[in-house]
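Peer 1: how would this look folded up:
(chains A, B, C and D)
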2 protein chains.
Amino acid sequence: MPRPDQTSEKREQLVPIVARAFAELGYRRTTTAELARRCEVRENILYRLWPDKKAMFVAAIEYVYQVSTQLWQKLLQSDEPGASSAERLLDYEAKHHGELGLHRLIFAGLSETDDPVIHDALQAMYGRFHRFIARQIADHRDDTSAAGRKDAEVTAWAIVGLGTVAAIGRELGLIKATGRKRLVADVGKFLLEGKAR
Amino acid sequence: MPRPDQTSEKREQLVPIVARAFAELGYRRTTTAELARRCEVRENILYRLWPDKKAMFVAAIEYVYQVSTQLWQKLLQSDEPGASSAERLLDYEAKHHGELGLHRLIFAGLSETDDPVIHDALQAMYGRFHRFIARQIADHRDDTSAAGRKDAEVTAWAIVGLGTVAAIGRELGLIKATGRKRLVADVGKFLLEGKAR
DNA sequence: GTATTGTGTAAGCGTGTACTTACGTTACCC
DNA sequence: GGGTAACGTAAGTACACGCTTACACAATAC
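Peer 2: Numbering: from 1, shown residues only, chains lettered A, B, ... in the order given. Next comes the predicted model:
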């Protein structure tokens, strides 16, 4: 009998490194050779863990999604008094925005969306993010009517937009840390309270 | 004496095609061969018009910026009664959002921002867009105080975020046309009126 | 006409890249 | 200890890509 298969453990071990590489370099510039270098293994070892480069990218997206939502879930469970879940999420994002490179991964993927696999992975992740935020908003507003839920959905997209533009502004050196914080926290709260109709 | 130089005319003729290619395919996937194919010329002709592929991309960015702002300027000059410039811009963008592929070009460039040339081109364009919108907001609100201008800046970023997330939502098939219209027009107007403090 | 120089065609060059193959070594279970 | 299959190393393959070169042709000014 041979030794036990450790592929899945190895995958879990390497996925954070892979995700960081894709976030830093984008999809095309992240060569398999570069991935192997950062992971300190040979290329063919990566190809034993994933069928091709695309699968590595999809794994990276799913990893970042999981880490982000786990982090958010933890944040929501630690119930502080005096602030709703939605408010706490906004404060957290205002402070720690973009640390995981989520948006950079999205930008990298958006140039590859005619590939159905990448398109679907991105769509699933982005869609789940949006629904998560929309639910927090509806809870915060305590409005479960049909119109209220619809409104929470639209507002959720606007808040996702805040995070996205904050990421771009940081990337291009156009919005400094204080500006980003103000953008996400202040405008975020404004959107959260008001009803956009 | 030789025949007159027509390089700049040729550049102007080909730039729209080049821009469309980069918007559709992203930076890396837009090969010089593909550019030549779409332009119906040989590759070396492109290299007589621009020093390298990067320059073609930068030219595409500048072209899309110019077309967009020209279009907006025209929109602002045709003064309809009963709606401020800012409102008309929002309505226009809600209807025709993303037609020029501006956001796709930005996403393409954002994966190449460690290249200083691309970074600077993107920064300049995005920054000018933001200032343009911020000015419209300040005018609309008729508040030229320091705090008012600062607020208009933050709001302008939020509105740029609306456009960006609408583009992503469209790209991923997550927000349909009606939803995008509602997002840009309704939330846009909400941001425009309210003061986010 | 002719010299001069822009314009178009075709081929190719060096490098980078996704992915593979071949093979030796190691750790496990019986 | 021995059979087995996971694990690691190294080299290689086929192709695509950015960019260049060589050269024939065309149009203009004199």
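Peer 1: in chain A, which residue is most central in space?
Peer 2: A:Leu102 (3.8 Å; Cα atoms, centre = their mean).
Peer 1: can you tell me the closest non-neighbouring residue to it?
Peer 2: A:Val64 (5.2 Å; Cβ to Cβ, 6 or more residues apart in numbering or on different chains). Yep, even glycine has a C-beta here, placed from its N, CA and C like the rest.
Peer 1: same thing with A:Thr7?
Peer 2: A:Leu49 (5.9 Å).
Peer 1: now A:Glu34
Peer 2: In space, and not counting its chain neighbours, A:Glu34 is closest to A:Ala21: 6.3 Å by Cβ to Cβ, 6+ apart.
Peer 1: my guess is the one you found contacts A:Thr30. True?
Peer 2: Yes: judged on Cβ atoms under 8 Å, A:Ala21 makes contact with A:Thr30 at a distance of 5.0 Å.
Peer 1: host element of the residue nearest to A:Glu34?
Peer 2: In the assignment (DSSP states H and E), A:Ala21 maps to helix A:7-25.
Peer 1: quick check: buried residues in that helix?
Peer 2: Neighbour counts over helix A:7-25 (16 or more other Cβ atoms under 10 Å in any protein chain shown) mark A:Lys10, A:Arg11, A:Leu14, A:Val15, A:Val18, A:Ala19, A:Arg20, A:Ala21, A:Phe22, A:Ala23, A:Glu24, A:Leu25 as buried.
Peer 1: one step back: surely the residue nearest to the centre of chain A touches A:Tyr63?
Peer 2: No: with contact defined as Cβ under 8 Å, A:Leu102 does not count as touching A:Tyr63 (10.5 Å).
Peer 1: A:Ala59 contacts A:Trp50, doesn't it?
Peer 2: Yes: if you go by Cβ under 8 Å, A:Ala59 and A:Trp50 touch, sitting 6.4 Å apart.
Peer 1: name the residues contacting each of those two.
Peer 2: A:Arg11 (Cβ atoms under 8 Å, 6 or more residues apart in numbering or on different chains).
Peer 1: which elements pack onto the lowest-mean-pLDDT helix or strand in chain A?
Peer 2: Counting by mean pLDDT, DSSP states H and E, chain A has its least confident helix or strand at helix A:85-96, which shows a mean of 80. Under the contact definition 3 or more Cβ pairs under 8 Å, 6 or more residues apart in numbering or on different chains; DSSP states H and E, helix A:85-96 sits against helix A:53-77, helix A:116-141, helix A:177-181, helix A:188-193.
Peer 1: any idea how far the last one is from the chain center?
Peer 2: Right, helix A:188-193. How far helix A:188-193 lies from its chain's middle: 21 Å, per Cα atoms, centre = their mean, to the nearest Å.
Peer 1: show me what that helix packs onto, helices and strands only.
Peer 2: Using 3+ Cβ pairs under 8 Å, 6+ apart, the elements in contact with helix A:188-193 are helix A:85-96, helix A:116-141, helix A:146-171, helix B:188-193.
Peer 1: buried residues in it?
Peer 2: Using 16+ other Cβ under 10 Å as the test for burial, helix A:188-193 gives A:Gly188, A:Lys189, A:Phe190, A:Leu191, A:Leu192.
Peer 1: which of the residues you listed sits closest to B:Asp91?
Peer 2: A:Leu191 (20.1 Å; Cβ to Cβ).
Peer 1: can you pull the contacts of that closest one?
Peer 2: Each residue near A:Leu191 by Cβ under 8 Å, 6+ apart is listed here: A:Thr155, A:Ala158, A:Ile159, A:Leu162, B:Val187, B:Phe190, B:Leu191.
Peer 1: neighbours of the closest residue to the second one other than its chain neighbours, how many?
Peer 2: The one in question is A:Ala158. Leaving aside its sequence neighbours, A:Ala158 sits nearest to B:Val187 (Cβ to Cβ, 6+ apart; 4.7 Å). When neighbours are defined as other Cβ atoms under 10 Å in any protein chain shown, B:Val187 has 27 of them.
Peer 1: does B:Val187 touch A:Asp151 like I think?
Peer 2: No: with contacts counted by Cβ under 8 Å, B:Val187 stays clear of A:Asp151, the gap being 9.8 Å.
Peer 1: touching the helix holding A:Ala21 from outside, list them.
Peer 2: Residues from elsewhere that reach helix A:7-25 (Cβ under 8 Å, 6+ apart): A:30, A:34-35, A:38-39, A:41, A:45-46, A:48-50, A:56-57, A:59-61, A:63-64, A:100-102, A:104-105, A:108, B:111.
Peer 1: filter these down to the buried ones, ChimeraX style.
Peer 2: ChimeraX command restricting these to the buried ones, with burial defined by 16+ other Cβ under 10 Å:
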select /A:30,35,38,39,41,46,49,50,56,57,59,60,61,63,64,100,101,102,104,105,108 /B:111
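Peer 1: next, give phi and psi for A:Ser145.
Peer 2: When quoted as degrees, to the nearest 10, the phi and psi of A:Ser145 stand at phi -70, psi 160.
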